[in-house]
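Enquirer: Generate coordinates for the sequence data below:
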Amino acid sequence: MADSDIVFAGSIPELYERYLVPLIFEPYALDLAGRLGEAKAERVLETAAGTGVVTRALAARLAPTARITATDLNEPMLNHARTRLAQDARVTWKPADAQALPFDDGSFDAVVCQFGAMFFPDRIMAYQEARRVLMPGGRFIFNVWDRISENDFADIVTQALAEMFPNDPPRFLARTPHGYHNAERIRADLKTAGFSDISIDAKDERSKAPSPREPAIAYCEGTPLRNEIEARDVSRLQEATSRASDAIAKRFGTGAVDGRIRAFVITAQQ
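Expert: Numbering: from 1, shown residues only. Have a look, this model is predicted:
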C-alpha cells in the first residue's frame, strides 16, 4: 500500500460522500446495519467510519437504547460524518487507530467496519484489537471488496487511466480497495488474531448512476486515486475524469449506467 492510499483530505471527503456513497457504499451499509439489528447489538464500535454511511444506517436500525462509538483515523472524514448526525446523542465520535483502540477490554458487544480492513497496515493487529474490545460472545462484522474484475466501474476506470499513463499506471483501486479479497487469507488472518467462529459470504449488488460522469468523478476525484493522478500530472485531473467517463459510456451507454459490484461480508466471534 502506498502512503497516498490513506490520504482522504481536501475536497475528497465531500466528493466521496456525494458520489461514492450512493454509488457503491449504501447497500452494504444497510446490510451491515441489518445484521447488527437482528443481533440486537447495544454497544457498537465502528472503526474506519469514513463519512458515516454505516453510522447513519446503524442509528436508523438499532434500538433507541443502543450506543454507537464511531471512529476513524482520518479526521477530515470523521468531521464530515459528524455533521450528518450531530443531534443524535446515541453516537459518540472519536478519532482512533483501529490498530490501537483507546477502549477497555470487553467494552462492546459488536465491532463493525465497512471497507476499512483493506487499508489497515497491520490487519492482524487491527483484528486483535477488535477482539480485545469485544465482550465474550461479541461479534466482529466487516466487509471487503472482491477482486476488481468483479466490480465494473472500478475496473473500467483503472483500465482507462492505465491507457492515459502507460508508463506509470495509477493502481490505487486494484492495489488497495480491491487488494484484499482472498477468503482463505482473510480467514487465516482472523484465526491468527484469535477468532475461531468465522463466516464469509459473497454479496452481489448493483452500482447505479444517472450518467457515466458520476462514477468517473466518484473514483477519480473522490478517492485517493486522485492523489495518484495529481502526482503524475496535477493539470490532468479533469482529463482523467473525462477519460474515465468516456470509457464507462463506451461500455454502458451515455444515459443511466448500471454495473456489477461484489463484496465479501465477514462475521467473526471469539
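
Enquirer: can you list the weak-confidence ranges in this structure?
Expert: 1-9 (pLDDT under 70).

Enquirer: Where do the strands of it begin and end?
Expert: With DSSP state E as the criterion, the chain has strands at 43-47, 67-72, 91-95, 108-114, 134-145, 197-209, 257-269.

Enquirer: Export those to a markdown table and append columns for distance to Val157 and mean neighbour count.
Expert: No exception for glycine: its C-beta is placed from N, CA and C like everyone else's. Conversion of the strands of the chain to a markdown table gives the following (distance: least, Cβ to Cβ, whole Å; neighbours: other Cβ atoms under 10 Å):
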| stretch | distance to Val157 | mean neighbour count |
| --- | --- | --- |
| strand 43-47 | 27 | 26 |
| strand 67-72 | 24 | 23 |
| strand 91-95 | 30 | 17 |
| strand 108-114 | 21 | 26 |
| strand 134-145 | 14 | 20 |
| strand 197-209 | 12 | 14 |
| strand 257-269 | 11 | 19 |
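
Enquirer: Redo the ones you listed as JSON lines? Include distance to Arg123.
Expert: As requested, the strands of the chain are arranged in JSON lines below (distance: least, Cβ to Cβ, whole Å):
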{"stretch": "strand 43-47", "distance to Arg123": "12"}
{"stretch": "strand 67-72", "distance to Arg123": "17"}
{"stretch": "strand 91-95", "distance to Arg123": "20"}
{"stretch": "strand 108-114", "distance to Arg123": "11"}
{"stretch": "strand 134-145", "distance to Arg123": "10"}
{"stretch": "strand 197-209", "distance to Arg123": "14"}
{"stretch": "strand 257-269", "distance to Arg123": "12"}
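
Enquirer: Name the residue closest to the centre of this protein, please.
Expert: Phe115 (2.9 Å; Cα atoms, centre = their mean).

Enquirer: which one of the strands of the chain lies closest to Phe172?
Expert: If you check each of those against Phe172 by Cβ to Cβ, strand 134-145 wins as the nearest, at 12.6 Å.

Enquirer: The closest one: partners in the sheet, and parallel or antiparallel?
Expert: According to DSSP bridges, strand 134-145 forms sheet pairs with strand 108-114 (parallel), strand 257-269 (antiparallel).

Enquirer: Just the C-alphas of it, formatted as PDB.
Expert: The C-alpha trace of strand 134-145 is given here as PDB (Å, rounded to 0.1, in the frame of the first residue of the first chain):
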ATOM      1  CA  LEU A 134     -15.400  -7.300  22.400                       C
ATOM      2  CA  MET A 135     -17.200  -8.800  25.300                       C
ATOM      3  CA  PRO A 136     -17.300 -12.600  25.400                       C
ATOM      4  CA  GLY A 137     -19.600 -13.800  22.600                       C
ATOM      5  CA  GLY A 138     -19.400 -10.400  20.800                       C
ATOM      6  CA  ARG A 139     -19.400 -10.100  17.000                       C
ATOM      7  CA  PHE A 140     -16.900  -8.600  14.700                       C
ATOM      8  CA  ILE A 141     -18.600  -7.800  11.300                       C
ATOM      9  CA  PHE A 142     -16.900  -6.300   8.400                       C
ATOM     10  CA  ASN A 143     -16.800  -6.300   4.600                       C
ATOM     11  CA  VAL A 144     -14.200  -6.100   1.900                       C
ATOM     12  CA  TRP A 145     -14.400  -5.700  -1.900                       C
END
